[in-house]
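Peer 1: pasting the structure only:
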């Protein structure tokens, strides 16, 4: 009796084992392409990093469902830098020591990006950052690219708008983090030349909970408008404080607030804020003739289907970074130098952040046209006039 | 009639003082918390700021579904519970551990609490409805001599006043209060007259936590609730406690208010310092400790 049971058991196990081998053999196609991704998934800027990660996960699923890139499945190693430059640097070191890594995308923020750009360039690893500061690609490092619109472009676009509205004096307040400081540096360089006089400069620390003191000083200088440059959560507090103080002058901000966290944090104070942003958040208002329209609508629909909420500008930067790498892998395979060369030759790449045209001197590839002006009305984004 | 410019400068300064006093009240409450625990155990509880954070985060979570009347006491109770747990952790090794080890343990506790809060509630900034606002996200604003005063700020100052008076009465006239004071003066003597020092220690943690949580709930609508809010508040409150003399409540309150006002005015007087406001507390602390190590208002000599 026992013998018979033992044989049946052995038979079952053997069948299962063989079955696994067969499945394994069928799956053992080509070696996977491994991409590293560093995003700010926790910390104050999680509203940037989480959609970035979700976008990449969604794209990986889509690509692998159709057999990968030329038969190679794609996998991504995600690392969280929590918005901290040091954590980004150590995450980068980890990734660089991973075998067969083809490229690194991210980080989400300027500070971490600046911290790792030399590491990646030195290791000849293609890096496609999703952060905004011009300093990431100026001076140009051969292996470092970025997909988010450069802050100098945002400043120029905003200055154009101010000139058109005949606003000649502004008060400027910025977050003292790398993004805000970079925006301010660009503003200081470009504003006076554009005929806009900054009557007062103020700044706040990222973790500050109240900017009334700084705004009171700006109010005393009587500017025609206030410009605030930062990511989360400072600008929302600036908007609320201005409302409390009863300051009625128009409030302009940067593309750093193009996410729902700003609106939910600022509440009523968000209404009327004007800022340059990528076309994604007002995709439904973009004319059909715009080359980006279809891609924006599809990304929005896919993201909504996968995660139940609308797509987000920052997720869009990750979309662009990932797809640039994916396209390069398809065209030239996993060699670092070849990927770098291919990305540098990008022309007319229709991304979410804009249409990219890269050159050896231009590693962002976007122009002012990547921006439109958006304002918030009743908690929703609309095109500003 | 004063000239327009001077009027404007005065209202600017008034505005800054209003902000400063609001922040100062929170520093004062946190400072009192430090003093209470220090008095009972000689331990500096670096998790004090986290009690404020717990009050704020629990309130933020509850106010989404319940009214203030329910959320407030529950948030404070949550803070007290955490305080009691921390007290037990400190009490267990109290006899054989040095004060320094216990202080380091409170630092560990603060990191743990922050991490748990982030795990539990997420890392985003949470909006908390105003107590008496026109709407949940729109507060009433009063204009006083050209400066803006929000209703929530009035709440912060009002509740601080109530707490200060309550603490004064508690420590002066109730038996338990006097027992706690006895413990802080001489724990061996207190034991001799039948006061349970262990009970007093747990009580001092629970009180400090409760005070912190009340501060947290009240200040949350004004400055938003986030997991990291306790760090800066705790350190500024610590500065207030030390400046006023550790263990000296009146000192903690005065120092807290002064600190808040000086912080706010520093950004005005020295423009480059506006994003270093937090550092002001430490600069002042350094200067004062060099000159008078036992604190400005302390009547005791400094101990090592």
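Peer 2: That came through fine. Computed from a predicted model, the values in this text were never measured in an experiment. Residues are numbered from 1 along each chain as shown, chains lettered A, B, ... in the order given.

Peer 1: Could you pull up phi and psi at residue 66?
Peer 2: All of this refers to chain A. phi -100, psi 20 (degrees, to the nearest 10).

Peer 1: other chain: chain B
Peer 2: According to degrees, to the nearest 10, residue B:66 has phi -120, psi 170.

Peer 1: ok, how many other residues are close to it?
Peer 2: For residue B:66, the tally of surrounding residues (other CB atoms under 10 Å in any protein chain shown) stands at 13. All C-beta spots, glycine's among them, are computed from the backbone N, C-alpha and C.

Peer 1: Please list the residues of chain B that sit near chain A.
Peer 2: For chain B, the residues in contact with chain A (CB under 8 Å from any CB of the partner chain) are B:8-9, B:12, B:15-16, B:19, B:23, B:118, B:122-125, B:127, B:135, B:137-139, B:141, B:143, B:148, B:150, B:222-224, B:226, B:228-229, B:232, B:264, B:267-268, B:271, B:274-278.

Peer 1: Okay, and which of these map to strands?
Peer 2: Residues of the residues of chain B next to chain A located in strands (DSSP state E): B:141, B:143, B:148, B:150.

Peer 1: Residue B:62: what's it in contact with?
Peer 2: Shown in contact with residue B:62 (CB atoms under 8 Å, 6 or more residues apart in numbering or on different chains): B:70, B:71, B:74, B:75.

Peer 1: Please pick the buried ones from those residues.
Peer 2: Buried subset of those (neighbour count, 16 or more other CB atoms under 10 Å in any protein chain shown): B:71, B:74, B:75.

Peer 1: From the residues you listed, pick the one nearest residue A:87.
Peer 2: The closest of these to residue A:87 turns out to be residue B:75 (CB to CB; 31.6 Å).

Peer 1: ok so, going back, now, the buried ones among the contacts of residue B:62 that are in helices?
Peer 2: B:71, B:74, B:75 (DSSP state H).

Peer 1: Go through stretch A:185-205 and flag the buried ones.
Peer 2: Under the neighbour-count criterion of 16+ other CB under 10 Å, stretch A:185-205 has A:185, A:186, A:187, A:191, A:196, A:198, A:200, A:201, A:202, A:203, A:204, A:205 buried.

Peer 1: no, scratch that, I was asking about stretch A:89-105
Peer 2: Judged by neighbour count (16+ other CB under 10 Å), stretch A:89-105 contains these buried residues: A:89, A:91, A:92, A:95, A:96, A:101, A:102, A:103, A:104, A:105.

Peer 1: one step back: need the worst-confidence member of the ones in helices among the buried ones among the contacts of residue B:62.
Peer 2: Lowest model confidence among these falls on residue B:71, which carries 89.

Peer 1: For that one, give its distance to residue B:78.
Peer 2: Per CB to CB, to the nearest Å, residue B:71 is found 10 Å from residue B:78.

Peer 1: Name the residues contacting each of those two.
Peer 2: Counting by CB under 8 Å, 6+ apart, the contacts common to residue B:71 and residue B:78 are residue B:58.

Peer 1: Just give me the neighbour total for residue 8.
Peer 2: Answering for chain A, as no chain was given. Neighbour tally, residue A:8, other CB under 10 Å: 10.

Peer 1: if you could check chain B rather than the one you did, that'd help
Peer 2: Close neighbours of residue B:8, defined as other CB under 10 Å, add up to 16.

Peer 1: so what's it up against?
Peer 2: Listed by CB under 8 Å, 6+ apart, the contact set of residue B:8 reads A:220, B:146.

Peer 1: mind redoing it with 10 Å?
Peer 2: A:216, A:219, A:220, A:222, B:2, B:146 (CB atoms under 10 Å, 6 or more residues apart in numbering or on different chains).

Peer 1: Can I have the buried ones of those residues as a ChimeraX selection?
Peer 2: Of the contacts of residue B:8, the buried ones go into a single ChimeraX selection, burial set by 16+ other CB under 10 Å:
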select /A:216,219,220
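
Peer 1: so residue B:246 touches residue B:40, yeah?
Peer 2: No - taking contacts as CB atoms under 10 Å, residue B:246 lies outside contact range of residue B:40: 11.8 Å.

Peer 1: Where does residue A:321 sit, in terms of helix or strand?
Peer 2: Secondary structure from DSSP states H and E places residue A:321 in helix A:313-332.

Peer 1: Mind listing what's buried along that helix?
Peer 2: Under 16+ other CB under 10 Å, the buried positions of helix A:313-332 are A:313-329.

Peer 1: Can you tell me the element the nearest residue to residue B:22 once chain neighbours are set aside falls in?
Peer 2: Distances taken as CB to CB, 6 or more residues apart in numbering or on different chains place residue B:153 nearest to residue B:22, at 4.7 Å, with adjacent residues excluded. Assessed by DSSP H and E, residue B:153 sits inside helix B:151-173.

Peer 1: Against which helices or strands is that helix packed?
Peer 2: Helix B:151-173 sits against helix B:4-41, strand B:141-144, helix B:175-185, helix B:197-223, helix B:249-269, with contacts defined as 3 or more CB pairs under 10 Å, 6 or more residues apart in numbering or on different chains; DSSP states H and E.

Peer 1: Please identify the deepest-packed of those.
Peer 2: Ranked by mean neighbour count, the helices and strands packed on helix B:151-173 are led by helix B:197-223 with a mean of 25 (mean count of other CB atoms under 10 Å in any protein chain shown).

Peer 1: quick one, that one and helix B:151-173 angle?
Peer 2: Helix B:197-223 runs at 160 degrees relative to helix B:151-173, counting by axes from the mean of the first three to the mean of the last three CA atoms, to 10 degrees.
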